[in-house]
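# Quick one, fold the following:
(chains A and B)
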Protein chains: 2
Amino acid sequence: MSDDATAFVPGHVTGFFSAHPADDPAVAGSRGAGLTLSHGVTVTVEPAPETTVSLDGEAVEMPPVADVLRALGVTAAVDAESDLPLGAGFGVSGAMALGTALAANALYSCGRSENELVTLAHVAEVRAGTGLGDVVAQARGGMPVRVEPGAPEYGRMDGIPARPEIEYVAFGGLSTADVLSGDTSALTAAGETALEELRAEPTLDRFIAESRRFARDAGLLTDRVETAIDDVRAAGGDGSMAMLGETVFAVGSGLSDAGYDPERCRVHPAGATLRSE
Amino acid sequence: MSDDATAFVPGHVTGFFSAHPADDPAVAGSRGAGLTLSHGVTVTVEPAPETTVSLDGEAVEMPPVADVLRALGVTAAVDAESDLPLGAGFGVSGAMALGTALAANALYSCGRSENELVTLAHVAEVRAGTGLGDVVAQARGGMPVRVEPGAPEYGRMDGIPARPEIEYVAFGGLSTADVLSGDTSALTAAGETALEELRAEPTLDRFIAESRRFARDAGLLTDRVETAIDDVRAAGGDGSMAMLGETVFAVGSGLSDAGYDPERCRVHPAGATLRSE
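The predicted structure is shown next:
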């Protein structure tokens, strides 16, 4: 057993989605599409007699992380460093759950496969109500399309073959749990339409256009987000809203060109991975 | 339309496999496990009135590449640069087919999804008889386990969560087409057993051990390969044979420690990807 193990998990921004609850959390999930980001979460796991979790040096309550460790039958000190804000639609909680699964499995030689580890993290996120599709997307990398919902045994993924630079501005958080626990029927209808359109034309431009339409039709746009998207488009760029956060993402230099002061990263080519030994 | 487009595809070494032919080449494939390598093939596609293919500056006949371009309805000049020898079990032909699919789709805005592009390359490889499982493994990255054979619509993948350094020595080639066109029943029985054992314990060590057993039981070991594997093990390391080439791979510094002069790389964290725009 090594002294610690580390995994990197890309951030994930969902552009549109439909919610597919189910009694079995491995079957539950979302359909939709998004982009994984080169900005992400680095999770280091060390042996400890009692589980503790920190994010950027601060102790945090993170039920999915504790749930993953319980499922593996271990305790550990989990330290996460994130490039991304929490609760703003970047999948930070999913990244912490998945990074913990990968790193703890390596540290304690638990002998699980990648699909098994992704399933543990997905199930923990669904149980906590903090996400439905981030974990499977973060496991895949690129621009993931969730064709069928659920953990790897049940779900099905495709991808958009594009690797653009991305800018983003996070104005604040939206509660994933609040949105997902409300009436999701309008949202799901808009998400299903967007997915059908994207699958007929799986390109970056179509993804952004369908994401914008979804944000509007699902009634999730806030004033600040709507203004920023309009500004990006007026400057000749394209962007949309991260689901679920008060966050705007744009292709290339779209937000800079519109006079914002965004973070810059890229679509990440890889899924979550252990740091090389 | 840009002037050119480039994709990188990791090399892929199969440790063990079973062959699953089918009338539909998208259904045909192999089950088994392997490792993708940070050494791979960089494919650049430029518009051209007639399709030409070169590998490391030399014109080559590469039927799967031509087949992929035909399926996309385009012609192009395809230039591949490879870190890896051709015909020695590294999946170079699969990499060229998959890299061509990704790059030509981007260059000509063909609007295919990643699964569709992987399927085109997989079908082209199966038709040419040059491979059954490299393309889907190269599309995934990491240490891919082919749980069910075939293109993404039919197959199912898992992975071993390990990212070790890898050394390899290529003594020479074996003809994939010759082996696959012969009686594959002993090979397939050995491959099925190995997969079952690996799925019960999806670890790097088990992968190497099952690969060694497969190479022996399938009757594919050559004298040079057997000697090199014995040398690696005598020096305290572990390794096996690349299917299908007269190639030995070892974990960490296994071949160096045994006195060989190997190439060094890593398990690659990502699948095939367009170079960022």
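# okay, CA-based contacts and neighbour counts for the rest of this
OK.
# measure stretch A:58-78 end to end?
11 Å (Cα to Cα, to the nearest Å).
# Next: stretch A:53-73.
Chord length of stretch A:53-73, first to last residue, is 16 Å (Cα to Cα).
# before we move on, what about stretch A:196-205?
Across stretch A:196-205, first to last residue, Cα to Cα, it's 15 Å.
# try stretch A:106-122
Note: stretch A:106-122 ends 18 Å apart using Cα to Cα.
# for A:Pro85, helix, strand, or coil?
coil (DSSP: H, G, I helix; E, B strand; the rest coil).
# What values do phi and psi take at it?
phi -70, psi 150 (degrees, to the nearest 10).
# show me what contacts it?
Residues near A:Pro85 by Cα atoms under 8 Å, 6 or more residues apart in numbering or on different chains: A:Val92, A:Ala170.
# Roughly how far does it sit from chain B?
According to Cα to the nearest Cα, to the nearest Å, A:Pro85 and chain B sit 25 Å apart.
# repeat for A:Ala71
In terms of Cα to the nearest Cα, A:Ala71 sits 17 Å off from chain B.
# Kindly report the same for A:Ala139.
11 Å.
# cool, and A:Asp67?
Computed with Cα to the nearest Cα, the distance linking A:Asp67 and chain B is 20 Å.
# pretty sure that residue contacts A:Ala124?
Yes: with contact defined as Cα atoms under 8 Å, A:Asp67 reaches A:Ala124; the gap is 5.8 Å.
# Which one of these two is surrounded by more residues?
Counted by other Cα atoms under 10 Å in any protein chain shown, A:Asp67 and A:Ala124 do not tie: A:Ala124 has more neighbours, with 28 against 20.
# Not counting its neighbours along the chain, what's nearest that one?
Excluding the flanking residues, the one nearest A:Ala124 by Cα to Cα, 6 or more residues apart in numbering or on different chains is A:Pro64, at 4.7 Å.
# what about the one you found, which SS state?
Judged by three-state DSSP, the three-state class of A:Pro64 is helix.
# A:Ala128 is in contact with that one, correct?
Yes: using Cα under 8 Å, A:Pro64 is in contact with A:Ala128, at 6.2 Å.
# Comparing those two, which shows the higher neighbour count?
A:Pro64 (26 against 17).
# who touches the more buried one in this structure?
A:Ser93, A:Gly94, A:Ala97, A:Ala121, A:Ala124, A:Glu125, A:Arg127, A:Ala128.
# Name all residues that make contact with the first one.
If a contact means Cα under 8 Å, 6+ apart, then A:Ser93 has A:Met62, A:Pro64, A:Leu86, A:Glu125, A:Thr130 as its contacts.
# and if you look at the second one?
By Cα under 8 Å, 6+ apart, the residues touching A:Gly94 are A:Pro64, A:Ala121, A:His122, A:Glu125, A:Thr130, A:Gly131, A:Asp134, A:Val135.
# do A:Gly254 as well
A:Glu167, A:Val232, A:Arg233, A:Ala235, A:Gly236, A:Gly237, A:Asp238, A:Gly239.
# Pull out the buried positions in stretch A:36-48.
Residues of stretch A:36-48 classed as buried: A:Thr36, A:Leu37, A:Ser38, A:His39, A:Gly40, A:Val41, A:Thr42, A:Val43, A:Thr44, A:Val45, A:Glu46, A:Pro47 (neighbour count, 16 or more other Cα atoms under 10 Å in any protein chain shown).
# from these, which are also near chain B?
Among the buried residues of stretch A:36-48, proximity to chain B is found for none (Cα under 8 Å from any Cα of the partner chain).
# Show me those residues that map onto strands.
Among the buried residues of stretch A:36-48, the residues falling in strands (DSSP state E) are A:Thr36, A:Leu37, A:Ser38, A:His39, A:Gly40, A:Val41, A:Thr42, A:Val43, A:Thr44, A:Val45, A:Glu46, A:Pro47.
# I'd say the fourth one and A:Cys265 touch.
Yes: under the criterion of Cα under 8 Å, A:His39 lies in contact with A:Cys265, with a separation of 6.2 Å.
# For the stretch 1-150 of chain A, give me the ranges with low pLDDT.
Applying pLDDT under 70 to the stretch 1-150 of chain A flags the ranges A:1-2.
# Leaving out chain neighbours, which residue sits closest to A:Cys110?
Per Cα to Cα, 6+ apart, closest to A:Cys110 is A:Leu72, 7.1 Å.
# about what we covered before: closest one to chain B out of the contacts of A:Gly254, please.
Closest to chain B out of the contacts of A:Gly254 is A:Glu167 (14.2 Å), distances taken as Cα to the nearest Cα.
# dump the residue contacts of that closest one.
A:Phe249, A:Ala250, A:Val251, A:Gly252, A:Ser253, A:Gly254, A:Leu255, A:Ser256, A:Pro262, A:Glu263, A:Arg264, A:Cys265.
# Span of stretch A:16-33 from start to end?
6 Å.
# And it, what's buried?
A:16-21, A:25-33.
# can it be found next to chain B?
No: if you take Cα under 8 Å from any Cα as the test, stretch A:16-33 misses chain B, and the best it gets is 12.3 Å.
# quick one, what contacts the residue of chain A found nearest chain B?
Evaluated by Cα to the nearest Cα, chain A has A:Ala270 as its residue closest to chain B, separated by 4.3 Å. A:Ala270 makes contact with A:Arg140, A:Gly141, A:Gly142, B:Pro269, B:Ala270, B:Gly271 under the criterion Cα under 8 Å, 6+ apart.
# what about it, is that helix, strand or coil?
Classified using three-state DSSP, A:Ala270 is coil.
# State the pLDDT value of it.
On pLDDT, A:Ala270 comes in at 96.
# now the buried residues of stretch A:36-48 in TSV, with distance to A:Ala5?
Below are the buried residues of stretch A:36-48 laid out as TSV (distance: Cα to Cα, whole Å):
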residue	distance to A:Ala5
A:Thr36	22
A:Leu37	22
A:Ser38	20
A:His39	20
A:Gly40	17
A:Val41	14
A:Thr42	11
A:Val43	8
A:Thr44	6
A:Val45	5
A:Glu46	7
A:Pro47	10
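# Nice, that's everything, thank you.
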